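Trainee: Build me a structure from this.
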Amino acid sequence: MSRRVRILLAAAMFCGIVACGLVLARPWLAALVAEHARRETIARAGEALGAPVGIDRAAAGFAPAVVVLEGLKLEADGAFGLRAGSAIESLEISGDPWSLVRWGSGPIVFHVEKPNCVFALGAAAAAPGAAGSGASVGEGAGGALSPGTPGTKPSGEATPAAAAPAFPPGSRLKVRRGTVSLSAPGGTSFACDGFSLD
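Mentor: The predicted structure is shown next:
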């Protein structure tokens, strides 16, 4: 057996071992990606809505690259008058693998299935007033001035523009079989069942 043949056989064996390793490690990698996506979604959604968000289950796949989150639920009243208990049955996030790994680098497709959103218009209207009646910008607890110039951010604090966008440019949002309920002071209410959006 010539040296060239031995090198080719060794290379083929190495590629086979790597391929087998990837196949065996695929479930572990999928679980790792799913858990990372679950934590990132909880953190980003909680920050955007101003209330904690729970997720029951998370799964990931690689052909195509997709992350599926199930049982999303708002655990307290959030921004825009969104009430605690508002939920999404499943959220599918898909796109180019690099776009999912490095959020904001490319468009993402969001497929929201059976959202159930409950809004209280009175709570949403009260939020700006409550914010305006509190301590002004630059004041801490008890009205004491916080370090730095009032009305300005500390130099080490990141600006919103520097953060990755929640919806990267070119992304697509699909909502299917949703329910939206609105309630206003005076007993006025509105409900929309079977709501869909592209």
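Trainee: quick one: low-confidence parts of the chain?
Mentor: 1, 5-6, 14, 16-26, 123-164 (pLDDT under 70).
Trainee: Could you pick out the longest helix of it?
Mentor: helix 3-49 (DSSP state H).
Trainee: so what strands line up beside the helix or strand just after it?
Mentor: Using DSSP states H and E, the helix or strand that follows helix 3-49 towards the C-terminus is strand 53-62. Strand pairing for strand 53-62, using DSSP bridges, gives strand 65-74 (antiparallel).
Trainee: contacts for the helix or strand following the partner strand?
Mentor: For strand 65-74, the following helix or strand on the C-terminal side (DSSP H and E) is strand 87-95. With C-beta atoms under 8 Å, 6 or more residues apart in numbering as the contact definition, strand 87-95 has outside contacts at 37, 41, 64-74, 100, 106-116. The way it works is simple: take the backbone N, C-alpha and C, and place the C-beta from them, glycine included.
Trainee: Over to stretch 35-44?
Mentor: 52-55, 58, 60, 67, 69, 72, 91, 93, 100, 103, 166.
Trainee: ok, those residues vs Leu197, which is closest?
Mentor: Leu91 (13.8 Å; C-beta to C-beta).
Trainee: number of nearby residues for the closest one?
Mentor: When counting by other C-beta atoms under 10 Å, one arrives at 21 neighbours for Leu91.
Trainee: which residues does it bridge with?
Mentor: Bridge pairing for Leu91 (DSSP bridges) gives the partners Leu69, Val112.
Trainee: separation between the residue nearest to the spatial centre of the chain and Thr188?
Mentor: Central residue of the chain (C-alpha atoms, centre = their mean): Thr41, 3.3 Å from the mean position. Distance of Thr41 to Thr188, computed by C-beta to C-beta, to the nearest Å: 33 Å.
Trainee: for Val66, same thing?
Mentor: Using C-beta to C-beta, Val66 is found at 41 Å from Thr188.
Trainee: Who has more neighbours out of these two?
Mentor: More crowded of Val66 and Thr188, by other C-beta under 10 Å: Val66, with 17 against 10.
Trainee: The more buried one: what's it in contact with?
Mentor: Going by C-beta under 8 Å, 6+ apart, Val66 touches Ala60, Glu92, Ile93, Ser94.
Trainee: Also Gly122?
Mentor: Gly122 makes contact with Gly81, Ser183, Ala184, Pro185, according to C-beta under 8 Å, 6+ apart.
Trainee: Taking those, please make a ChimeraX selection of just the buried ones.
Mentor: Here is the ChimeraX command that selects the buried residues among the contacts of Gly122 (16 or more other C-beta atoms under 10 Å):
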select :81,183
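Trainee: Redo the contacts of Gly122 as JSON lines? Include distance to Ala30.
Mentor: Converted to JSON lines, those look like this (distance: C-beta to C-beta, whole Å):
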{"residue": "Gly81", "distance to Ala30": "37"}
{"residue": "Ser183", "distance to Ala30": "41"}
{"residue": "Ala184", "distance to Ala30": "45"}
{"residue": "Pro185", "distance to Ala30": "48"}
